[in-house]
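**Student:** Sequence below, structure please.
(one chain, ligands or ions: 2)
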Amino acid sequence: MKYKIFVDGQEGTTGLKIHDYLSGISNIEVIKIESEKRRDSEARRDLINEADVVFLCLPDSASRDSVSMVSNNKTRIIDASTAFRTNQEWTYGLPELHKNQRGKIQHSSRVSVPGCHATGFILAIQPLIAEGIIPRDYPASCYSLTGYSGGGKGLISEYQSSNREQLSAPRPYALNLNHKHLPEMQLYSGLHAAPIFTPIVGNYYQGDAVTIPLFPGMFLKHVTARDIQELLASYYEEERFIRVMPYDSEAYLEDGFFNLMACNHTNYLDIFVFGHKDRIVLVSRFDNLGKGASGAAIQNMNIMLGFDEGAGLE
Ligand SMILES: NC(=O)C1=CN([C@@H]2O[C@H](COP(=O)(O)OP(=O)(O)OC[C@H]3O[C@@H](n4cnc5c(N)ncnc54)[C@H](OP(=O)(O)O)[C@@H]3O)[C@@H](O)[C@H]2O)C=CC1
Ligand SMILES: CC(=O)N[C@@H](CCC(=O)OP(=O)(O)O)C(=O)O
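**Tutor:** Numbering: from 1, shown residues only. Ligands and ions are numbered 1, 2, ... in the order given. Presented below is the predicted three-dimensional model:
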């Protein structure tokens, strides 16, 4: 039997990339909406209820509308928006989070795809909190360097159609310190308070690196950067898409600089541990359109339908 798959938001950045991935997967039938009807509620309602799995690649409010259109017990939803990420009736689609998270995703009919920056932050810091190294009341902070495709069609068109000089330099944003990923960063990392998070968008299409500075003097146990690398490597040893890089900071730099784009066009997330016994920096590197969005959405579908987890992704 072929599973019917519908992508609501099929002509957006995330939706188009999901279609690319779906074209490499067997045992599915992709059902599409006529282009001119893609915002027509009745046409969307019909396809949503016909499909076995629906990807929502929409703004939050449109995602909520689509979920309210489901009128059967069969349709399973994978939502790329922020709308349901901390909703306890939904499953957070980060299979590597805990040993039992993959099983929850497999049996869930409502799965929320994590935000790109949140993915990088949580995967790097959560094991250290769970292992009792970083205290839950640690005053965490992080910044993220991201390509402009993370901002969807609007930001892509701004970068590609304008020659305003200020777009050539990296631009910090969310300086109100209320970025929409903070609630999920706090909830799934296990921290008591959200981190101070300042993302920075650069004049390149895709690729994201989340950097977390840490002071070992504030930890609950005496550990060095090398110990942290060993702990993370062991925590993610069996994970196919999480690669914890060996501790040897200089080896990862190209002429002294870090390459933000080395995970592009893959579903990998690489974790680096830099530093020593006094100062540590964790860096998560990934493709914001891969493990940060569409790749993660496909990985969740594969788990939910019992497919090979890497189907279409490798
Ligand atoms: N880009 C990224 O890296 C990531 C994006 N996300 C999330 O995924 C979701 C989609 O983002 P992205 O693909 O980047 O956004 P885009 O702006 O590129 O695409 C949004 C899509 O939603 C459609 N849409 C907008 N409003 C409505 C509406 N009222 N009814 C029906 N369709 C509507 C648009 O239709 P139309 O074709 O007519 O414009 C378009 O296809 C967002 O929630 C975003 O936060 C998550 C992780 C990363
Ligand atoms: C450059 C840019 O604007 N990036 C987006 C992140 C996109 C993403 O992962 O987040 P959502 O799934 O929550 O949309 C931002 O920082 O808001």
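
**Student:** element containing Y21?
**Tutor:** Using DSSP states H and E, Y21 sits in helix 13-22.

**Student:** List the neighbouring strands of the very next helix or strand once past that helix plus their orientation.
**Tutor:** Per DSSP H and E, the first helix or strand lying C-terminal to helix 13-22 is strand 28-31. Looking at strand 28-31 with DSSP bridges, its partner strands are strand 3-8 (parallel).

**Student:** With only the CA atoms kept, save the strand it pairs with in CSV.
**Tutor:** Extracted in CSV, the C-alpha atoms of strand 3-8 (Å, rounded to 0.1, in the frame of the first residue of the first chain):
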residue,chain,number,x,y,z
TYR,A,3,0.9,6.2,1.7
LYS,A,4,-0.7,9.4,0.4
ILE,A,5,1.4,12.5,1.3
PHE,A,6,0.2,16.2,1.0
VAL,A,7,2.4,19.2,1.5
ASP,A,8,0.3,22.3,2.6
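
**Student:** contacting residues around Y21?
**Tutor:** 294-295, 298, 312-313 (Cβ atoms under 8 Å, 6 or more residues apart in numbering). All C-beta atoms are positioned from the backbone trio N, CA, C, and that covers glycine.

**Student:** related to what we said a few turns ago, where's the helix holding Y21 relative to the chain centroid, distance-wise?
**Tutor:** Helix 13-22 sits 15 Å away from the centroid of its parent chain (Cα atoms, centre = their mean, to the nearest Å).

**Student:** buried sites along that helix?
**Tutor:** Neighbour-count burial for helix 13-22 flags 13-19, 21-22 (criterion: 16 or more other Cβ atoms under 10 Å).

**Student:** Likewise for stretch 270-284?
**Tutor:** Neighbour counts over stretch 270-284 (16+ other Cβ under 10 Å) mark 270-275, 280, 282-284 as buried.

**Student:** go on, stretch 39-51?
**Tutor:** The neighbour-count check on stretch 39-51 (16+ other Cβ under 10 Å) flags 44-48, 51 as buried.

**Student:** again, but for stretch 230-241
**Tutor:** Quick answer for stretch 230-241 (16+ other Cβ under 10 Å): 230-233, 235-236, 240-241.

**Student:** Tell me which of those fall in strands.
**Tutor:** If you go by DSSP state E, those have nothing in strands.

**Student:** quick one on the thing from earlier: check the buried residues of stretch 270-284 against ligand 2, which are close?
**Tutor:** When contact is defined as Cβ under 6 Å from any ligand atom, these do not meet ligand 2 at all.

**Student:** In CSV, list those along with pLDDT and secondary structure.
**Tutor:** As requested, these are exported to CSV (pLDDT from 0 to 100; DSSP: H, G, I helix; E, B strand; the rest coil):
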residue, pLDDT, secondary structure
D270, 98, strand
I271, 98, strand
F272, 97, strand
V273, 97, strand
F274, 97, strand
G275, 96, strand
I280, 98, strand
L282, 98, strand
V283, 98, strand
S284, 98, strand
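
**Student:** Surely Y159 touches Y148?
**Tutor:** Yes: the criterion here is Cβ atoms under 8 Å, and Y159 meets it with Y148 at 4.5 Å.

**Student:** Tell me which of the two has more neighbours.
**Tutor:** Each of Y159 and Y148 has its neighbours counted (other Cβ atoms under 10 Å); Y148 has more, 22 against 19.

**Student:** Pretty sure the more buried one sits against N203.
**Tutor:** Yes: at 7.0 Å, Y148 and N203 qualify as touching, with contact defined as Cβ under 8 Å.

**Student:** Pull up the overlap in contacts between these two.
**Tutor:** Common neighbours of Y148 and N203, using Cβ under 8 Å, 6+ apart, are Y159.

**Student:** Mind listing residues that contact stretch 37-50?
**Tutor:** With Cβ under 8 Å, 6+ apart as the test, stretch 37-50 has contacts from 4, 6, 8-11, 31, 33-34, 54, 65-66, 69-72, 75.
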